[in-house]
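> Quick one, fold the following:
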Amino acid sequence: MSDDWSFETKAIHVGQEPDEVTGAVTVPIYQTSTYAQDAVGKDRGYEYSRTGNPTRSALETSLAALESAQFGRAFASGMAAEDTILRSMRPGDHLIMGLDAYGGTYRLITRVIAEMGVEWSAVDLNDLAAVAEAMRPSTKFVWTETPTNPMLGVVDIAALAEIAHSGTARLVVDNTFATPYLQRPLEHGADIVVHSTTKYAGGHSDVVGGFVATSDAAVDEQLGFLQNAVGAVPGPMDCYLLLRGLKTLAVRLDRHCDNAEAIVEFLQGHSGVSEVIYPGLATAPGHAAAVKQMKRFGGMVSFIVSAGTEAAHELVARTEVFTLAESLGAVESLIEVPAAMTHLSVADSALAVDPALVRLSVGLESIDDLVADLTQAFDAIS
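The predicted structure is shown next:
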């Protein structure tokens with residue numbers, strides 16, 4: 001029956017049946033490290049909480065269903081999830097990533113994984129000919145975010161999957177910004193989906209987590225081995241908070257999108273802004289792909305301050321409703337300058353971000369208050 005349910009119904013019910021013992025309608029927090037066994041080698045489905053925990057199992061079942069995936073694995077952070085995928089690479093293997101990669105992903109690939117003998121190429125993933133040319137017999141992954149962080153670029157998942165599958169590569173899609181409510185990459189040909197569940201999945205700035213979804217049994221088997229062997233797993237309280245967040249993901253994303261669209265309209269008419277970056281704009285380079293594969297265009301907005309870097313730094317320090325902070329995707333609105341904050345690690349690379357670019361994570365506050373806050377901040381620096 002659950003296969004026929006809508007997204008909103010799945011988010012509340014799949015993997016979250018009432019507790020068989022007490023009837024509790026919320027999945028309990030199984031705050032235990034180990035489990036009693038009936039005999040040697042005869043457990044009741046769980047033996048040790050690094051290997052498995054009922055609260056974590058509920059989260060994995062729920063989020064996998066939302067991603068239209070057969071399998072899901074939860075991790076202690078988004079970077080732990082990415083690291084676990086990349087640990088399957090061997091010296092001489094090759095990876096293709098985009099020119100607009102998250103700074104933490106770039107750092108992990110270029111300064112950790114590359115040190116193990118893995119080779120990588122950074123390519124404009126919207127240039128399909130360039131991607132095809134960058135493919136090698138040793139290419140194991142084509143790795144993309146869509147939308148990207150912080151330039152909000154959108155790539156054609158189906159087209160990239162076709163190129164990856166023309167060789168021996170798998171397509172990995174970071175779906176953190178869109179969430180499965182707005183986009184389900186596996187339905188468009190991707191092989192693996194990765195999330196920082198710290199962001200929209202949790203939605204309340206109170207938990208750190210990561211997730212990998214796939215319908216490839218061989219991939220899931222390897223992920224499961226590494227999840228247990230390395231041990232970068234979330235605790236039961238983290239899983240409980242993420243399950244709570246998933247229940248309201250759809251209604252939150254609708255409000256995030258409503259507010260973001262209004263903010264875009266405001267910024268487009270402001271003299272202090274030289275460029276507004278949002279996948280919903282018809283002029284955005286990835287707009288056609290976004291229309292094809294996304295339900296709506298998300299709650300993230302970026303823009304470039306006309307007066308330059310110093311003015312951008314002053315602007316983000318002047319807001320009162322928008323909080324100057326890293327991270328994104330929660331109920332409160334956040335503002336930052338990526339070049340000096342989240343993307344400082346790529347400052348001296350081809351992935352460097354315009355230092356006058358400001359990134360907004362548009363929250364759930366009154367849109368009137370958000371627009372008034374940006375207005376007063378711009379007025380203060382003019």
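> Now for residue 22, how many residues are close by?
Here the number of neighbours of residue 22 (other C-beta atoms under 10 Å) works out to 8. Every residue, glycine included, has its C-beta placed from N, CA and C.
> Contacts only, for it.
residue 28 (C-beta atoms under 8 Å, 6 or more residues apart in numbering).
> SS state for it?
Put simply, residue 22 is coil when judged by DSSP: H, G, I helix; E, B strand; the rest coil.
> cool, the one 10 residues further on as well?
Each residue gets one of three states, and residue 32 gets coil by three-state DSSP.
> Surely residue 66 touches residue 9?
No. Taking C-beta atoms under 8 Å as the definition, residue 66 is not a contact partner of residue 9, at 10.8 Å.
> ok, the two, which is more surrounded?
Neighbours were counted for residue 66 and for residue 9 using other C-beta under 10 Å; residue 66 has more, 23 against 13.
> list the contacts for the more buried one?
7, 10, 11, 14, 180, 181, 246, 249.
> Mind picking the two most distant members of those?
Of all pairs drawn from the contacts of residue 66, the greatest distance, 14.0 Å, lies between 14 and 181 (C-beta to C-beta).
> in this structure, which spans are helices?
7-13, 54-66, 78-86, 103-108, 128-134, 157-166, 179-182, 217-230, 236-247, 249-268, 287-293, 309-318, 367-381 (DSSP state H).
> Turn those helices into a markdown table, including distance to residue 141 and mean pLDDT.
Shown next, in a markdown table, are the helices of the chain (distance: least, C-beta to C-beta, whole Å; pLDDT from 0 to 100):
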| stretch | distance to residue 141 | mean pLDDT |
| --- | --- | --- |
| helix 7-13 | 28 | 97 |
| helix 54-66 | 20 | 98 |
| helix 78-86 | 8 | 98 |
| helix 103-108 | 12 | 92 |
| helix 128-134 | 12 | 98 |
| helix 157-166 | 8 | 98 |
| helix 179-182 | 21 | 98 |
| helix 217-230 | 11 | 98 |
| helix 236-247 | 25 | 98 |
| helix 249-268 | 27 | 98 |
| helix 287-293 | 20 | 97 |
| helix 309-318 | 34 | 98 |
| helix 367-381 | 38 | 97 |
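> of all those helices, which lies closest to residue 148?
The closest of those to residue 148 is helix 103-108. By C-beta to C-beta, the value is 10.2 Å.
> ok, how many other residues are close to residue 91?
By other C-beta under 10 Å, the residues close to residue 91 number 8.
> Correct me if wrong: it contacts residue 116.
Yes. At 6.4 Å, residue 91 and residue 116 qualify as touching, with contact defined as C-beta under 8 Å.
> which parts of stretch 375-382 are buried?
Residues of stretch 375-382 classed as buried: 377, 378, 381 (neighbour count, 16 or more other C-beta atoms under 10 Å).
> of residue 14 and residue 181, who's got more company?
Using other C-beta under 10 Å, the more surrounded residue of residue 14 and residue 181 is residue 181, with 25 against 19.
> which residues does that one contact?
Counting by C-beta under 8 Å, 6+ apart, residue 181 makes contact with 7, 66, 249, 250, 253, 295.
> Looking at those, which one is closest to residue 30?
Nearest to residue 30 out of those is residue 66 (C-beta to C-beta; 21.7 Å).
> Outline the domain layout of this protein.
Domain segmentation of the chain under automatic domain parsing yields 2-247, 250-381.
> Generate CSV for the contacts of residue 66, with distance to residue 123 as supplementary columns.
As requested, those are exported to CSV (distance: C-beta to C-beta, whole Å):
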residue, distance to residue 123
7, 33
10, 35
11, 35
14, 37
180, 26
181, 29
246, 33
249, 32
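> Compare the residues you listed and tell me which is most surrounded.
residue 180 (30 neighbours).
> Can I get the buried residues of stretch 375-382 in CSV including distance to residue 258?
Below are the buried residues of stretch 375-382 laid out as CSV (distance: C-beta to C-beta, whole Å):
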residue, distance to residue 258
377, 21
378, 22
381, 27
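> Now flag whichever of these is closest to residue 283.
residue 378 (22.2 Å).
> Would you check that the closest one makes contact with residue 315?
Yes. With contact defined as C-beta under 8 Å, residue 378 counts as touching residue 315 (6.7 Å).
> Give the residues shared as contacts by those two.
The overlap between the contact sets of residue 378 and residue 315 (C-beta under 8 Å, 6+ apart) consists of residue 272.
> residues touching the residue lying closest to residue 185 once chain neighbours are set aside, list them.
Excluding its sequence neighbours, the residue lying closest to residue 185 (C-beta to C-beta, 6 or more residues apart in numbering) is residue 173, at 3.9 Å. For residue 173, the contact set (C-beta under 8 Å, 6+ apart) comprises 144, 145, 146, 157, 185, 190, 192, 193, 194.
> How many residues are close by the nearest residue to residue 132 once chain neighbours are set aside?
With sequence-adjacent residues excluded and distances taken as C-beta to C-beta, 6+ apart, residue 132 is closest to residue 163, at 5.3 Å. Residue 163 is flanked by 22 other residues according to other C-beta under 10 Å.
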